[in-house]
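Engineer: For reference, the sequence and a predicted model appear below.
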Amino acid sequence: MKEKVKEVKMKRRWGMAIDLDKCTGCGKCSVACNQENNMPIFEDDSDVPKRVAFLELMKVTNDRDAKFPDVKTAYLPKMCQMCEGNDPKNPNPPCVSVCPAVATDVGDDGVVSQIWSRCIGCRYCQTACPYEARVFNWWKPEYEGSFKKSLSTDVSVASRGTVVKCTFCSHIWKRERDAATAKGILDINAVLYTPACAGTCPTGAIVFGDLNDHDSEVYKLTQTDRAVRLTNPVDDVKDADKKKSLLKAKQFTNPKVYYLTSQQWLRDMMRFKKNS
Amino acid sequence: MKKIERKDFLKLGGGAVLGGLSGWVFSGAPFLGFQWLAEWTQDQYVPVKGFEKYAQAVSDSCPAGCKVSVRMIGDRAVKIESKDGVCPACHNALQLTYHPERISTPLKRKGDKGDGKFVPVTWEEAVKEISSKMNSLITEGKANSIAAINKNESLNGQLMEKFIKAAGSNNVYYEPSLKSLTSSALGGYINYDFANTDYVLSFGAKLVEGWDSSADMQKVFTQWKTKGTKIVQADTVCSMTASLASEWVPVKPGTEAVLAFGIANYLITGRRLNSTGEEFGKWSQLIINKFPLAKVASYTGVSEERIKKIGDDFSKAKNPVAVSGKGACGVNASSAEIIAVYCLNTLVKSKAATLMTNSSVTYKGEFAGLDSFIKDGKFSMLFLNNSDPVYKSVLGEDLKKKMEKAFVVSINPIMNDSANYADIILPSLSFLESETPENKAVVSNFKESKDAKDIIIALSKSLDKTKDTFSFASGIDSFKVAGKETASGAKFSFNVDKIKNDIDALDKKFAANAEYPLFMIPVEAPLVGDGDGLAFPYVLKSIDPTVFYKGKLLVQINRETGKKYGLSENESIVIRSARGKLDKVYVHLTDTVAPDTVAMPLGFGHESYTKYGSDKGVNPKKIMAADVDPLTGTADWWSTRVKIS
Amino acid sequence: MEILKKWFKAGYDGIFEGTSKNMRIALYVLIVLSILFGIFAIQILFWGLGYTDMDNNFAWGAWIIGDLGLVALGGGAFTTGYLLYIFRVDKLRPIINSTVLIGFMCYLFTFVFLLFDLGQPLRAWFGFAYPNWGQGVYPVSMLTEVFFCLSLYFCILVVELIPTVLEHKVLIKNKYVAMVAHYMHLLMWTMAAGGTFLSFFHQGSLGGGMWGVLYAKTVWYAPHFFFMAVVAAMAGGTSFMTLVPYIAGKIMKKEVVPMETYQILTRISGFIFIFYFIFRSYDIYAAVYKYAPMGGREFIDMWGGYYGIWMLVLEMLLFAGPLIFLNIKKYREQEKFMVIGASCGVGAIVVSKLSVLLHGFSAPNFPWKGFTAYGPTFQEWIITFGVFALMILIYMAFVKWFPLFPHLEHNEHDAHH
Ligand code: SF4
Ligand code: SF4
Ligand code: SF4
């Protein structure tokens, strides 16, 4: 039965579109992600740079570009951006090639995975990731007393000294696939899923789906003018020839997480140079 | 001969050792050993496996009654999911249910109040002690000195109200909320028909940041986005609501009421609109004389043209609604402000705002509201039903003193600042542990804790005077008697005599003040709200570094203002108001805040809200303004004059 | 107990006998540092890296700076070895033992630093067991390459060091030992060749490639980094190899290595520095006009912050030392200028490594964030300086008990006659 599952060619290429004009910064996605992924529980988690969380609800203001009262505020839920490099057929996320122990890899569904128990904790991948999406267990993950009861069995508890990251909740996909297999559906492509953060967002700001499926909502959203990716300068080059030559000269991250906004200030703030 | 033998022997031995060693290495055994050593030193906890299923639960402890679906592994709840949206408290119920500092048995105070020393007692002992105390007060004819403070109007709050009233006391109060404030000011809380409005004019109500029923508001906001509803937000900081609104009207700190006067003024004089509210004539005269547009413009910092424009847009919209209640989870507004904003609705005959009442909830007691009760009330016995007035009220310190002299009973699942002053603590449940008519409890009760409803019923049964208050013995049956919400029908009155003084006082409030040149206004961080979230680690994990960073609480100050006072980022400052000072606060400079304003995060500085919630930052309520509003009986703490050094 | 006391006294005498007061103080400091190193090593290894000031943004800190510095400066060992054994620059022979020892220690302690930096030191062998080699001949991860090259080169250094140990005056009396030492010397050129080959890879990978391949990080991305780091190691390493015995000689007040040898080595160093300087200038030019714009950033914005421009300026100033003093014969032949030149050269390399690391991590990854700073904790300082103290102690021990400077023994030998 397993063999059969393997034979099927993967069609999916998971991606996400996050509508920042809809996000109210409520933080539900963060709580859901923490619950789903067994995030460690510390007495004081305010040492933000050492904090272990897959999803960071970043507060963005345009203090750089404007003065009161022309200012604006937004929250930007930031998780692993699932970079794929220049060639979607042959993905090359910046963090994968550097790992000396193959603890992180990119799957044929485009998801950048991480095996906690294989990681030696050298943090080269953290250095390589431009989105600060990888976190290191600087301290031993703690779950005081009865908090342990709330731990899910789908995600293993990481050891101290390993790097962990958002995996697009791929264990949920596995869960759904297992459920489907039990019902006799063996085609992995038949099963879709929703990660915890997308499933919990009360305003529907986070849309998740298959970027290869051109009928999917997420694909359509990423094709609109409102779509913008975090600090990915090649996106701003409109001239096709120039773009081609740029892509030849250098790899770009080309994330599979898109942000949607029609607010110009926010688009500006997502670039290092104003109005680029 | 012998010698050679020995050599051979050595050779053989050496070879054997070498061969063995290399065999051992190549077998991978040492590497496996390393692996074991690694695992052993790391001591990874492996969550207990179990059968996976989903259980449904409805919250009986939040007013919105969140409906959630809980992912279970065996008998453990591991994830809360919801299709209809869920409020932050219910979303965090896992960490309440499994909180390592859950109260496991009834506790009795040992040592001085506030020391936090308690010893376990049995339920029988606890109930007996409470009922004998109550009994003696009742027989002495001092029944009215028994008081209760409810967290909210959920079912157990309603039962508490019934119980205390049956005992012969009129002193039941609620932690101030949007409902309680508007109810007291208008004679009914407002039910907004947000789905059908096309123009929302909000006076500092942070509509999408936890205001009112946050789960519903998120849904409403999505509808607004799709329909293109116009949202106009008057606010002093560029909050999320302000930023997402179609229009942000930056107002000077605390002048939302004045802006409402100005707009009303324009609608009455400029557009000849009328309100049917009682005493409208008197009120409009007052406003028109006292708040001409020029003055409003100078107080609020909003130009006359803009005020007129807002007035025009508002009155011309098809179904406009004006919303009062500044803040998100911690709402605050004076009755003058609530009335002025509601007046706008009556002027344009808004169909989207209806006054409502709940048949089981009256927000007034002997006093108009919680703060006036704390200030002027006397009590010998106090029930705290999951409420934390010591932390939440600006008069918390006064309450502490009064609680030291009274017999205090606190019903709650984990410790909080108020329970620390209790004589008896009764452990209650998280909603995942309580049964509702539709659903069984998701997980079993934690140790000896009990459903708050059952506790209250048991207490009432233990007293002769109240034993017939409830016709049922179990909390599950109490759902039948839950209060009904109906349109209030009461006639809206401007109550001019009661609020006139406050309106007069506004001039003084906004006059230049050399000693306290700045205004402090509250802001809230996502999930933290006005403090309830802080005991839950996943809330702590989500706090932005511009709010609380490495144990330091940051206040937001405008960059220009910062320059004026020579402040630099992350610098430590002391904030002083006429009521006291706050130290250990740090500066975050940002232009999202109006000049001359200190934007102070609420929700921090708990004293004993479990080790996760305690001793983090400061509680600004301690120094916030404490003038109690005559109608709402709640302090008007929103903007406080301060200085920094 | 008695035995222990005796043993301790003997050891104490052995170390401190006949030392001057200053020397004694220095030794105390070094020994205390080494002991503290041992204590905090336990804390770091068993309770984790939380005690450092590194974080998810500043993923690497003091120890990686140590690695980069040590490996770059230790690069003098392969350069010298190559010149001596392959190019037969025989005048370098008096310095070769010292060079090999320094190289050996640099690599040994690079391992130590790396081990500390691993979150899971016990899983270090995963690097060999599951190497990220990819499809090609060349490993995909620069760190995999570092793992393998460093280990192999370290083995070579051990072999190179053995003769020095064997030539200890007691050991060498044994005829077998003498024979082994002799043959090892003869075969040393193979080691030198192998070492040079390996060094070219790992010098490039640890010093430059590690950073240059990070295509998503505009502060670092520069494909030519790899080659530049090799040149840097040759230039700085040779200067460093001159300086260490020179300082040792000054302290011992003896001529441990003939001036002639120093001259050759510094001349070579100065010469390579010219290349390095050109390379580095191109590097900056490319960063400003090519890589920064490609990354959607402006160089000058990116190079603000705590460790930005000033480090670059300092590096440039330091370059002047080796470029002028080591290349112009007139200056080089004056001992003072030679030393200044070599020190500046070492300084330039160290500053460049510091700025790669500190500045690279400090630059914000998001446009709405500011530069970050890094302040190593007490533990980090102790581990770092403890390592340096241990290195100095080992070097001193070798000076004292092993024939580290054949030249010195020659002279003493002559004097005896
Ligand atoms: S759950 Fe949705 S609305 Fe809330 S913060 Fe996350 S993305 Fe924004
Ligand atoms: S965001 Fe970071 S961790 Fe995620 S794929 Fe990109 S480089 Fe890797
Ligand atoms: S996809 Fe899953 S792991 Fe990633 S941020 Fe969302 S909830 Fe967290």
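Structural biologist: Okay, I see it. Ligands and ions are numbered 1, 2, ... in the order given.
Engineer: From residue A:257, how far off is the one residue in the stretch 151-300 of chain C that gets nearest to ligand 3?
Structural biologist: Closest contact between the stretch 151-300 of chain C and ligand 3, by C-beta to the nearest ligand atom, is at residue C:216 (18.9 Å). Every residue, glycine included, has its C-beta placed from N, CA and C. To residue A:257, residue C:216 is 14 Å away according to C-beta to C-beta, to the nearest Å.
Engineer: contacting residues for the residue of the stretch 151-300 of chain C closest to ligand 3?
Structural biologist: A:83, A:94, A:128, A:129, A:130, A:251, A:252, A:253 (C-beta atoms under 8 Å, 6 or more residues apart in numbering or on different chains).
Engineer: I'd like to know which of those is nearest to residue B:430.
Structural biologist: Comparing the contacts of residue C:216 against residue B:430 with C-beta to C-beta places residue A:129 closest, at 37.6 Å.
Engineer: list the contacts for that closest one?
Structural biologist: Residue A:129 neighbours (C-beta under 8 Å, 6+ apart): A:94, A:95, C:216.
Engineer: Contact partners for the residue nearest the centre of chain A?
Structural biologist: Chain A has residue A:80 as the residue nearest its centroid, 2.9 Å off, counting by C-alpha atoms, centre = their mean. Contact analysis of residue A:80 by C-beta under 8 Å, 6+ apart lists A:54, A:112, A:131, A:133, A:134, A:165, A:166, A:167, A:168, A:257.
Engineer: Could you check how far the closest residue to the first one other than its chain neighbours is from ligand 3?
Structural biologist: In other words, residue A:54. Distance criterion C-beta to C-beta, 6 or more residues apart in numbering or on different chains; nearest residue to residue A:54, sequence neighbours excluded, is residue A:166 at 3.8 Å. In this view, residue A:166 and ligand 3 are 3 Å apart by C-beta to the nearest ligand atom, to the nearest Å.
Engineer: swap in residue C:322?
Structural biologist: Plainly put, residue C:322 is 51 Å away from ligand 3 if you go by C-beta to the nearest ligand atom.
Engineer: That residue against residue C:340, yeah?
Structural biologist: No. Counting by C-beta atoms under 8 Å, residue C:322 stays clear of residue C:340, with 9.3 Å between them.
Engineer: Those two: who's more crowded?
Structural biologist: Using other C-beta atoms under 10 Å in any protein chain shown as the criterion, residue C:322 and residue C:340 rank with residue C:322 on top: 33 against 17.
Engineer: so who does the more buried one touch?
Structural biologist: By C-beta under 8 Å, 6+ apart, the residues touching residue C:322 are C:235, C:239, C:269, C:270, C:273, C:341, C:342, C:344, C:345, C:348.
Engineer: Show me which residues of chain C are close to chain B?
Structural biologist: Within chain C, the positions near chain B by C-beta under 8 Å from any C-beta of the partner chain are C:46, C:120, C:122, C:123, C:125, C:129.
Engineer: Top of the residues you listed by number of neighbours, please.
Structural biologist: Neighbour max across those (other C-beta under 10 Å) = residue C:123, 27 neighbours.
Engineer: can you tell me how far that one sits from residue C:129?
Structural biologist: In this view, residue C:123 and residue C:129 are 9 Å apart by C-beta to C-beta.
Engineer: show me where the stretch 501-645 of chain B has helices.
Structural biologist: Secondary structure of the stretch 501-645 of chain B, counting by DSSP state H, counting those that start in this stretch: helices at B:537-540, B:559-564, B:610-613.
Engineer: returning to what we had before: next, format the contacts of residue C:216 as a markdown table and append distance to residue C:309, pLDDT and secondary structure.
Structural biologist: Putting the contacts of residue C:216 into a markdown table (distance: C-beta to C-beta, whole Å; pLDDT from 0 to 100; DSSP: H, G, I helix; E, B strand; the rest coil) gives the following:
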| residue | distance to residue C:309 | pLDDT | secondary structure |
| --- | --- | --- | --- |
| A:83 | 30 | 97 | coil |
| A:94 | 26 | 95 | coil |
| A:128 | 25 | 96 | helix |
| A:129 | 26 | 97 | coil |
| A:130 | 22 | 96 | coil |
| A:251 | 28 | 92 | coil |
| A:252 | 27 | 95 | coil |
| A:253 | 27 | 96 | coil |
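Engineer: and ligand 2, which of those contact it?
Structural biologist: A:83, A:94, A:129, A:253 (C-beta under 6 Å from any ligand atom).
Engineer: before we move on, back to that, output the helices of the stretch 501-645 of chain B as JSON lines; include the columns mean neighbour count and mean pLDDT.
Structural biologist: Shown next, in JSON lines, are the helices of the stretch 501-645 of chain B (neighbours: other C-beta atoms under 10 Å in any protein chain shown; pLDDT from 0 to 100):
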{"stretch": "helix B:537-540", "mean neighbour count": "25", "mean pLDDT": "96"}
{"stretch": "helix B:559-564", "mean neighbour count": "16", "mean pLDDT": "96"}
{"stretch": "helix B:610-613", "mean neighbour count": "22", "mean pLDDT": "96"}
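Engineer: Show me the one of these that comes nearest residue C:114.
Structural biologist: Residue C:114 lies closest to helix B:537-540 among these, at 33.6 Å (C-beta to C-beta).
Engineer: name the helices or strands packed onto the closest one?
Structural biologist: For helix B:537-540, the packing partners by 3 or more C-beta pairs under 8 Å, 6 or more residues apart in numbering or on different chains; DSSP states H and E come out as helix A:28-36.
Engineer: what is the mean pLDDT for the helix it packs on?
Structural biologist: Mean pLDDT, helix A:28-36: 97.
Engineer: what do you get for stretch C:199-211?
Structural biologist: Mean predicted lDDT for stretch C:199-211 stands at 81.
Engineer: What lies in contact with that stretch?
Structural biologist: With contact meaning C-beta under 8 Å, 6+ apart, stretch C:199-211 is reached by A:124, C:67-68, C:71-72, C:75, C:78, C:142-143, C:145-146, C:149-150, C:153, C:217, C:220, C:222, C:225-230, C:232-233, C:353, C:356, C:360.
Engineer: And for stretch B:181-190?
Structural biologist: For stretch B:181-190, the surrounding residues in contact (C-beta under 8 Å, 6+ apart) are B:178-180, B:324-325, B:331-333, B:335, B:338-339, B:342, B:353-357, B:363-364, B:368-369, B:487-488, B:490-493, B:495, B:631-634.
Engineer: and what of stretch C:402-412?
Structural biologist: With contact meaning C-beta under 8 Å, 6+ apart, stretch C:402-412 is reached by C:93-94, C:97-98, C:101, C:164-165, C:167-169, C:245, C:254-258, C:261, C:398-399.
Engineer: what's the spacing between whichever residue of the stretch 251-400 of chain C sits closest to ligand 1 and residue A:73?
Structural biologist: As assessed by C-beta to the nearest ligand atom, ligand 1 sits closest to residue C:368 within the stretch 251-400 of chain C, at 16.7 Å. Per C-beta to C-beta, residue C:368 is found 11 Å from residue A:73.
Engineer: chain center to stretch B:257-274: distance?
Structural biologist: Here stretch B:257-274 shows a centroid-to-chain-centroid distance of 32 Å under the convention C-alpha atoms, centre = their mean, to the nearest Å.
Engineer: ok, and does that stretch reach over to chain A?
Structural biologist: No. Using C-beta under 8 Å from any C-beta, stretch B:257-274 stays clear of chain A, with a minimum separation of 14.5 Å.
Engineer: what's that stretch in contact with?
Structural biologist: Residues outside stretch B:257-274 that contact it (C-beta under 8 Å, 6+ apart) are B:201, B:203, B:234, B:249, B:251, B:280, B:284, B:287-288, B:290-293, B:296-297, B:299-300, B:302, B:307-308, B:310-312, B:314-315, B:322, B:324, B:333-334, B:336-337, B:340-341, B:343-344, B:347-348, B:506, B:510.
Engineer: are any of those buried, and which?
Structural biologist: Buried subset of those (neighbour count, 16 or more other C-beta atoms under 10 Å in any protein chain shown): B:201, B:203, B:234, B:249, B:251, B:280, B:284, B:287, B:290-291, B:293, B:296-297, B:299-300, B:302, B:307-308, B:310-311, B:314-315, B:322, B:324, B:333-334, B:336-337, B:340-341, B:343-344, B:347-348, B:506, B:510.
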